[in-house]
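Visitor: No letters, just coordinates:
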DNA sequence: CTGAAAGCGCTAACAT
DNA sequence: ATGTTAGCGCTTTCAG
């Protein structure tokens, strides 16, 4: 028997078949016709490759061509329902197009983001799809300057001309609030975080504009991002509700806040559950089976993932060429359920 | 100014500094002492590297060393809460140890699994952590034969001597059932899928044994895996409940079944919600705020991830050496909540 | 039509 | 103590 380990390379194949590596390489890359390799030789090579189940070493290929066929999808937290669902869709599209996706979580932390980006640059990934932490504007600009494909997602930097796909947060928020208002809620709280990135600012703005438009008071609770899952966070919400007994509705700007908020309501204000209007950003299947079912601003995950990949693939095709950045703004959908119904 | 693009390699640095590539390489790899490079030269190189922000090309490094520092974590569906949470923990540990993780979803489909494995082998990943689909036993054996590190997760192949980390499904299931029984439920349904892998078989077996031990009747609904999220799946559950009006409790063997089950109960049997005993496999924060709160078999995610990575790292350290496979069986925890309380 | 050879960036055995 | 050099496996230019 042959030395298997040695045969698994172009060189080995060439030696075995008595042809040159060039010929093998051409055949492998479908350039047989173009380079006018004889039918016979082509077939011989193809058959042999089939026989030994040869697959080219992607590492070597990447080193040579400078393309790794890997793209990075950096999110806040891959275990967050919103991001993991996005990731799943992106995965499918990418694999279809011959790309692998490296997922990673930056926890919305600048240091971690920067480290990760550098790490992946060393690895020569072909592009970055990033849900950016607040302070990495310069790094993103640097990537673009280096002609490395970058697409931002969920939030972006207004000062930067970088491709991005986001939703119209302000409008989505405005609509959600208006919906509550039209259902007779008059004292609506906004529960949000101290994150000062575009997505959250937009949601806050939408709320403020809606309240102003209908001349209603604003009641905003801003929680530190760090408390997103802590007991402390729950306590702050509890306190806020106690101090504002007149509230008749609550709008949560992101899914982890909603979890905490619902927990607080259940624990400390059980009566409120059916009296208060409740709307949340980010949908979840479980909201359809909650009692009451929860009204949610549902982001178009499928569409976002598609646009993201479309934009990325376009950049990948021509990374060196300057192009006007694609700024894609999608619409979210308000899924009306029981929790925001008119109460008597 | 210097030609930046050219300087970003060992060769460039060596040229710039008038030393040899070897010296640079040694310094880079912390072998300065060992190879007795002079302090002065070492410092000069280090400083220069710092200055230009040089980072070695991992691709080239990998090609040379044969190690890519990438491990694969293949799960059923990365958007499934159970798997995405596992992934998040694994990600952290891996990065700490200098590894990146490529996540992918096989949808419990053999064809997809095999394709993915081959894809990643071409990419020379260092190891595989796999939640295997039912029919890839041979492929797993082949990987092991090739001395490629593999660790299975969540389920395994009893005929194969492969490292794995799983939970004691039978016992977890038995305990859950026993808990229901002790709370006076006498007609307990098991709602499961037709997946015939160890994890599901264990859960079924635990149920059967518990029912036998307490001389209670069994009521098993087995749903096709394909219907896991379809309307069809819901209809089957509805039908099952209609045809078995005596049921006083339901045990769902996996999280997507629970979602469907709760939906069905809410839609078609709203009274049952507070009368029936309900227990589910796989915990979810939302279960703590559901009404009633839902009793769940909670898998030790943190511990699973840690053991997985520990096992993988051990293999990685010495891939060529035969070793007795580590078969790690963890215990799940029953988190008792309102849904399984004694009803009157 | 096919082959020889350079080179992607890095490591490490071998030489000095 | 530092330099020379041979590859890792592949693509591609240039020569026949």
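Guide: Happy to help now that I have it. All values derive from a computational prediction rather than experimental measurement.
Visitor: Tally up the residues packed near residue A:213, please.
Guide: 12 (other CB atoms under 10 Å in any protein chain shown). C-betas here are computed from N, CA, C, even on glycine.
Visitor: who touches it in this structure?
Guide: residue A:178 (CB atoms under 8 Å, 6 or more residues apart in numbering or on different chains).
Visitor: again, only using 6 Å
Guide: With contact set as CB atoms under 6 Å, 6 or more residues apart in numbering or on different chains, residue A:213 has no partners.
Visitor: Roughly how far does it sit from residue A:182?
Guide: Plainly put, residue A:213 is 12 Å away from residue A:182 if you go by CB to CB, to the nearest Å.
Visitor: Please apply the same query to residue A:287.
Guide: Counting by CB to CB, the separation of residue A:287 from residue A:182 is 21 Å.
Visitor: Of these two, which one has the most company?
Guide: Under the criterion of other CB under 10 Å, the comparison of residue A:287 against residue A:182 puts residue A:287 first, with 24 against 11.
Visitor: pretty sure that one contacts residue A:294?
Guide: Yes - distance between residue A:287 and residue A:294: 3.9 Å, which falls inside the contact criterion (CB atoms under 6 Å).
Visitor: Next, count neighbours for the closest residue to residue A:275 other than its chain neighbours.
Guide: Spatially, and ignoring its direct neighbours in sequence, residue A:275 is nearest to residue A:343 (5.6 Å; CB to CB, 6 or more residues apart in numbering or on different chains). Using other CB under 10 Å as the criterion, residue A:343 is surrounded by 14 other residues.
Visitor: what does stretch A:259-278 contact?
Guide: The list of residues contacting stretch A:259-278 from outside it, by CB under 6 Å, 6+ apart, reads A:180, A:185, A:191, A:233-234, A:237-238, A:249-250, A:252, A:339-340, A:343, B:285, B:289.
Visitor: Please list the members of these that lie in strands.
Guide: In strands, judged by DSSP state E, the following of these are found: A:191, A:249, A:250, A:252.
Visitor: Show the pLDDT at the last one.
Guide: To tie it back to what came earlier, the one meant is residue A:252. Predicted confidence (pLDDT) at residue A:252: the value is 98.
Visitor: Can you name the residues that contact residue A:206?
Guide: Under the criterion of CB under 6 Å, 6+ apart, the contact partners of residue A:206 comprise A:170, A:173, A:174.
Visitor: part of a strand, is it?
Guide: No - with the criterion set as DSSP: H, G, I helix; E, B strand; the rest coil, the secondary structure at residue A:206 is helix rather than a strand.
Visitor: List the buried residues in the helix or strand encompassing residue A:151.
Guide: Of the helices and strands defined by DSSP states H and E, residue A:151 is found in strand A:150-153. Of the residues in strand A:150-153, A:150, A:151, A:152, A:153 count as buried by neighbour count, 16 or more other CB atoms under 10 Å in any protein chain shown.
Visitor: quick one: which of these is nearest residue A:135?
Guide: Checking the buried residues of strand A:150-153 against residue A:135 with CB to CB, the nearest one is residue A:152 at 13.8 Å.
Visitor: What segments of the stretch 51-200 of chain A are strands?
Guide: Assignment of strands within the stretch 51-200 of chain A using DSSP state E, counting those that start in this stretch yields the ranges A:70-75, A:100-105, A:127-130, A:150-153, A:164-167, A:188-193.
Visitor: If I look at residue A:334, what pLDDT would I see?
Guide: The model reports residue A:334 with a pLDDT of 98.
Visitor: Can you report how many residues lie near residue A:233?
Guide: Counted with other CB under 10 Å, residues neighbouring residue A:233 total 24.
Visitor: How about it: what's its closest non-neighbour residue?
Guide: Of all residues beyond its chain neighbours, the one nearest residue A:233 is residue A:227 (3.6 Å), with distances taken as CB to CB, 6+ apart.
Visitor: Share the number of residues neighbouring the one you found, please.
Guide: 19.
Visitor: where's it relative to residue A:39, distance?
Guide: The value you get for residue A:227 to residue A:39, if CB to CB is used, is 70 Å.
Visitor: go on, residue A:255?
Guide: 60 Å.
Visitor: Between those two, which has more neighbouring residues?
Guide: residue A:255 (19 against 9).
Visitor: what does the stretch 1-150 of chain A have sitting close to DNA strand C?
Guide: Counting by CB under 7 Å from any atom of the strand, the positions of the stretch 1-150 of chain A adjacent to DNA strand C are A:18-23, A:26, A:35-38, A:40-42, A:60, A:63-64.
Visitor: By neighbour count, which bits of stretch A:321-340 are buried? Give me those.
Guide: Applying 16+ other CB under 10 Å to stretch A:321-340 flags A:325, A:328, A:330, A:332, A:334, A:335, A:337, A:339, A:340 as buried.
Visitor: Contacts made by that stretch with the rest, please.
Guide: By CB under 6 Å, 6+ apart, the surrounding residues in contact with stretch A:321-340 are A:161-168, A:172, A:175-176, A:179-180, A:183, A:277-279, A:283, A:292-300, A:303, A:307, A:311.
Visitor: Checking residue A:209 next. Helix, strand or coil?
Guide: Recorded secondary structure, residue A:209: helix (three-state DSSP).
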